[in-house]
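Q: model the structure of this input:
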Amino acid sequence: MPQPEGTPPPAGAAGDPERAAATPPRNERVQLSERVHALLGGVNCAIVDLGGGAALLVDSGQDKDHGRRVRKALDELGLTPQVVLSTHSHADHFGGNAYLLRRYPEAQVWAPEVEAEVIRAPLLEPIYLFHGAKPLPELTSKWLQAEASPVHRVVAAGEQTLGEVRLELIDVRGHAHRQLAVLVDGVLLATDALFGAATLARYPLPFAQDVGGQLAAFERVATVEATVTLPGHGAPTEDLAGLAAANREAVERAAAAVEAAADGVGAEEVLARATAALGIEMADLPRYHLNLTTVMAYLGWLREQGRVAAELSGGRLAWRRA
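A: Have a look, this model is predicted:
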């Protein structure tokens, strides 16, 4: 998620792009269990040893450069990917797919419904960020529009068996519409259902598409029996309950800021007020549209909760605390 100064963050983030000291070392490979290896960096992915030289890859990173680093890790482990599970359709999590499939043409890509369609047609991500219209060129860089990837199988929450390994796919929609997490060999690969503590501090308005789903996902994963948890961005932790609580608190703070800003004004003014309250500066169009999408998700959820109302008058849509 953190990017070099001056570059826009991918869809996993919305807010200040500066790095934090607690960011995991870039591309460090860490063994989390007998079968699970994490490749830590700006975005995390995982390699699961399925036995017999085969591997499950959970997410592939931002682009072909990340794909090369994944390939290097696979070579070091003596593994070949059988399945690439793309947990959701944000560019920073599936952008390495195309490179890896060119190197491993027998591998299959699995993805959840809805997410699969964006992975197949990545232009959909900048389109939805620009209200469904032809997107601005600034929204079509690799940070928001990955290289297209086939999806060979659409999967849903439930148990799967691959090789010698049994795994559970968990519905963690919220950050993305149909996002999945993976529980395997005692490790919870939370993907962007959970962010690490340093990431939450750096991005006080974490990207969301369904805030109600996000809150439900926190409750769902908090009870999972896992010895270690790998968030989509941030360091592994053994304190799953604490990490889930920290993510809930971050969402509740952001919701309060959006609700306070809804004082009979339009969504763009809500965005300006809420980001000012949270200490967020928006210096480019990608950040602006990521944050605006997130604010719309909060406004929609707050309306569902009866906490704000949408008032259409004089050709303007205003949001007001109920």
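Q: and residue 272, what element?
A: Applying DSSP states H and E as the criterion places residue 272 in helix 267-278.
Q: meant to ask about residue 72
A: helix 64-77.
Q: may I see the buried residues of stretch 68-87?
A: 69-71, 73-74, 79-87 (16 or more other C-beta atoms under 10 Å). In short, each C-beta sits where N, CA and C put it, glycine included.
Q: now render these as JSON lines, adding distance to residue 224 and pLDDT.
A: Output for the buried residues of stretch 68-87, formatted as JSON lines (distance: C-beta to C-beta, whole Å; pLDDT from 0 to 100):
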{"residue": "69", "distance to residue 224": "28", "pLDDT": "97"}
{"residue": "70", "distance to residue 224": "25", "pLDDT": "98"}
{"residue": "71", "distance to residue 224": "30", "pLDDT": "98"}
{"residue": "73", "distance to residue 224": "25", "pLDDT": "98"}
{"residue": "74", "distance to residue 224": "27", "pLDDT": "98"}
{"residue": "79", "distance to residue 224": "25", "pLDDT": "99"}
{"residue": "80", "distance to residue 224": "29", "pLDDT": "99"}
{"residue": "81", "distance to residue 224": "25", "pLDDT": "99"}
{"residue": "82", "distance to residue 224": "24", "pLDDT": "99"}
{"residue": "83", "distance to residue 224": "21", "pLDDT": "99"}
{"residue": "84", "distance to residue 224": "23", "pLDDT": "99"}
{"residue": "85", "distance to residue 224": "17", "pLDDT": "99"}
{"residue": "86", "distance to residue 224": "21", "pLDDT": "99"}
{"residue": "87", "distance to residue 224": "15", "pLDDT": "99"}
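Q: could you dump the residues you listed into JSON lines and include distance to residue 57?
A: Below are the buried residues of stretch 68-87 laid out as JSON lines (distance: C-beta to C-beta, whole Å):
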{"residue": "69", "distance to residue 57": "12"}
{"residue": "70", "distance to residue 57": "7"}
{"residue": "71", "distance to residue 57": "10"}
{"residue": "73", "distance to residue 57": "10"}
{"residue": "74", "distance to residue 57": "8"}
{"residue": "79", "distance to residue 57": "9"}
{"residue": "80", "distance to residue 57": "10"}
{"residue": "81", "distance to residue 57": "5"}
{"residue": "82", "distance to residue 57": "9"}
{"residue": "83", "distance to residue 57": "7"}
{"residue": "84", "distance to residue 57": "5"}
{"residue": "85", "distance to residue 57": "7"}
{"residue": "86", "distance to residue 57": "9"}
{"residue": "87", "distance to residue 57": "11"}
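Q: pick out the most distant pair among those.
A: 80 and 87 (20.6 Å; C-beta to C-beta).
Q: what residue is smack in the middle of this structure?
A: Among the residues of the chain, residue 192 comes closest to the average C-alpha position under C-alpha atoms, centre = their mean, at 3.7 Å.
Q: confidence score at residue 55?
A: Per-residue pLDDT puts residue 55 at 99.
Q: and it, how close does it get to residue 247?
A: Residue 55 sits 29 Å away from residue 247, taking C-beta to C-beta, to the nearest Å as the criterion.
Q: ok, the closest residue to residue 262 other than its chain neighbours - contacts?
A: Using C-beta to C-beta, 6 or more residues apart in numbering and skipping residues adjacent in sequence, the residue nearest residue 262 is residue 319, 4.1 Å away. Residue 319 makes contact with 262, 264, 265, 266, 267, 270, 299, 308, 309, 310, 311, according to C-beta atoms under 8 Å, 6 or more residues apart in numbering.
Q: hmm, try it at 7 Å
A: 262, 265, 267, 270, 299, 308, 310 (C-beta atoms under 7 Å, 6 or more residues apart in numbering).
Q: for residue 293, grab phi and psi.
A: Per-residue torsions, residue 293: phi -60, psi -40 (degrees, to the nearest 10).
Q: would you mind measuring from the closest residue to it other than its chain neighbours to residue 253?
A: Nearest residue to residue 293, sequence neighbours excluded (C-beta to C-beta, 6+ apart): residue 129, at 5.8 Å. Distance of residue 129 to residue 253, given as C-beta to C-beta: 23 Å.
Q: any idea how far residue 195 is from residue 231?
A: 5 Å.
Q: before we move on, what about residue 97?
A: Residue 97 is 21 Å from residue 231, by C-beta to C-beta.
Q: quick one, grab the pLDDT at residue 236.
A: 98.
Q: just checking, next helix/strand downstream of the strand of greatest length in the chain?
A: Ordering each strand of the chain by length in residues (DSSP state E) puts strand 187-195 first. Toward the C-terminus, strand 187-195 is succeeded by helix 197-202 as the next helix or strand (DSSP H and E).
Q: quick one: distance of the helix holding residue 72 to the chain centre.
A: With C-alpha atoms, centre = their mean, to the nearest Å as the basis, helix 64-77 stands 21 Å off its chain's centre.
Q: now for residue 152: which residues touch it?
A: Counting by C-beta under 7 Å, 6+ apart, residue 152 has contacts 108, 109, 110.
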